[in-house]
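# Here is the input, now give the coordinates:
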Amino acid sequence: MSNTLFIAGLGGRIFNSILRALASQGKLTQLKGVSASGVKNLIEISEKIEHDSTHRFFPLDVYSRDVNESEKISDGHFGYLVFQDRGSVLDNSVPDFKYEIPVFGAAVPGSLPLAKLGIDVAIDATGKFLTKEKAQGFLSAGAKKVIMSAPANDDTPLVVYGINDEADTGLSIVSRASCTTTCAAPIVKALSRDFGMPRNIFLNTTHAVTNSQLSLDGNAHKFANGFGCMDNIVVTDTGATRSLQSMFPEIENTFGISCRVPVTNGSILSLVMEFDEEKQTKELNKDNVLAALRDFEKDRPLNLRVSHRKTMVSTYVIGRGIGSIVAPGQVEVLGKNVHVVAGYDNEYGYSHLLALSALNAVLPA
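This next block holds a predicted model:
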């Protein structure tokens, strides 16, 4: 039986993508509640969920309704998001599927009625509760487990679906890292089977813009993000370096950059790995590298896919619920170094795997 879920971060990019992922997996009814930092305009939010400029139409009709005083679940319960099969709103027919999700306005998670809702897993898609201390509020409110949808700012264990699930033996708070980590980690793990863990890694992600950047020059939390995102290629750091080092401590050094470019979605990873000859069980050449990637794909098809296309193009990955899509024509081997190019939907691909991980997460005993 799948876990019951709650998502904080109403209307955000990852929040909306997780909704799409749950709907596509037929698991939307496992979502028992959502929240924002306060009362929001649900009419506007539901319209943006139903039609997204990047991902287009939601697989269901989406609208909202206010809450009646008699049906209030708790203080802060101000409405419902309503999902039903397409076309039923326009032709007034009785829908085959209709599901209402209560919406709460709460600045802090501790005031949410998670125990009353019977929540197994609370997903923080706000990016505001990225330490154990801050995430504890969801547990205090009644959730059994918390999943952060970003790298933590402390030593919270980092677990990526399909890669190091064995590390989560029923932990109460975990981080699901980042989209770039979700792309890089399966490549590293796949090649480690035959060639050992890389000694050194350099990665460069050519990454779509995010809402952390400004559309026009101004003041942003990070200096680089204050330059207009549609006019600049901005070089900034990436949390994937720290995350990979945390997941695979055998790696000696991991470093890299993120080049934010003017596209709304779809990112491409350039991953260079230096291997130790003493750890190799097979000869390090392109054929063996591709064979190792394809063998891993058989076991973990949602984590890694070797494309039939030789070249990676960013729009090719949009809407793909896969962590890492490798372009076989852009795999190179030079001596003890391997270069792999892979694409990933930095919104939906990451969220699809996060949704699966939340549904199937091991709960604390």
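# From residue 291, how far off is residue 283?
11 Å (C-beta to C-beta, to the nearest Å). C-beta here means a position set from N, CA and C on the backbone, and glycine is covered the same way.
# Kindly report the same for residue 152.
35 Å.
# and these two? which has more neighbours close in?
Per other C-beta atoms under 10 Å, whichever of residue 152 and residue 291 has more neighbours is residue 152, with 23 against 14.
# shouldn't the more buried one be in contact with residue 181?
No - using C-beta atoms under 8 Å, residue 152 is not in contact with residue 181; the gap is 12.0 Å.
# what residues do these two have in common as contacts?
residue 158 (C-beta atoms under 8 Å, 6 or more residues apart in numbering).
# Need the nearest residue in space to residue 156, chain neighbours excluded.
Of all residues not flanking residue 156 in the chain, residue 175 sits nearest, at 4.9 Å (C-beta to C-beta, 6 or more residues apart in numbering).
# I meant residue 115, not that one.
Nearest to residue 115 is residue 142, by C-beta to C-beta, 6+ apart, at 2.6 Å.
# what about that neighbour, which SS state?
coil (DSSP: H, G, I helix; E, B strand; the rest coil).
# Kindly report the same for the one 10 residues further on.
Here residue 152 takes the coil state, with states given by three-state DSSP.
# Ok, the one 4 residues further on next?
Local secondary structure at residue 156 is given as coil here, using three-state DSSP.
# any idea which element residue 192 lies in?
helix 179-195 (DSSP states H and E).
# how about the helices in this protein?
Assigned by DSSP state H, the helices in the chain fall at 13-24, 42-50, 88-91, 114-117, 132-140, 179-195, 240-247, 286-299, 348-360.
# Report the mean confidence score over the third one.
Helix 88-91 shows a mean pLDDT of 58 in the predicted model.
# The residue nearest to residue 156 contacts residue 154, correct?
No - checked against C-beta under 8 Å, the pair residue 175 and residue 154 is beyond contact range at 9.4 Å.
# Quick check: neighbours shared by these two?
Common neighbours of residue 175 and residue 154 (C-beta under 8 Å, 6+ apart) are residue 130.
# What residues sit buried inside stretch 346-353?
For stretch 346-353, a neighbour-count test (16 or more other C-beta atoms under 10 Å) marks 346-353 as buried.
# quick check: mean pLDDT across it?
Per-residue pLDDT over stretch 346-353 has a mean of 98.
# for stretch 297-309, same thing?
Here stretch 297-309 scores 96 as its mean pLDDT.
# gap between the two ends of that stretch?
16 Å (C-alpha to C-alpha, to the nearest Å).
# Could you pull out the buried residues of stretch 266-278?
266-275.
# These in strands, which ones?
Per DSSP state E, strands hold the following members of those: 267-274.
# Out of those, which is nearest to residue 327?
Closest approach to residue 327 among those (C-beta to C-beta): residue 268, at 8.7 Å.
# Look up the closest residue to that closest one, ignoring the ones flanking it.
Excluding its sequence neighbours, the residue lying closest to residue 268 (C-beta to C-beta, 6+ apart) is residue 206, at 4.7 Å.
# And residue 101, how close does it get to residue 4?
12 Å.
# Which neighbours do those two have in common?
Common neighbours of residue 101 and residue 4, using C-beta under 8 Å, 6+ apart, are 31-32.
# ok so, going back, looking at residue 175 and residue 154, which one has more neighbours?
residue 175 (27 against 12).
# For that one, report the pLDDT, please.
For residue 175, the pLDDT comes out at 97.
# swap in residue 206?
Looking at residue 206, the pLDDT reads 98.
# so it bridges to which residues?
residue 259, residue 268 (DSSP bridges).
# Was I right to think it contacts residue 261?
Yes - Residue 206 lies in contact with residue 261 (C-beta under 8 Å); the separation is 5.7 Å.
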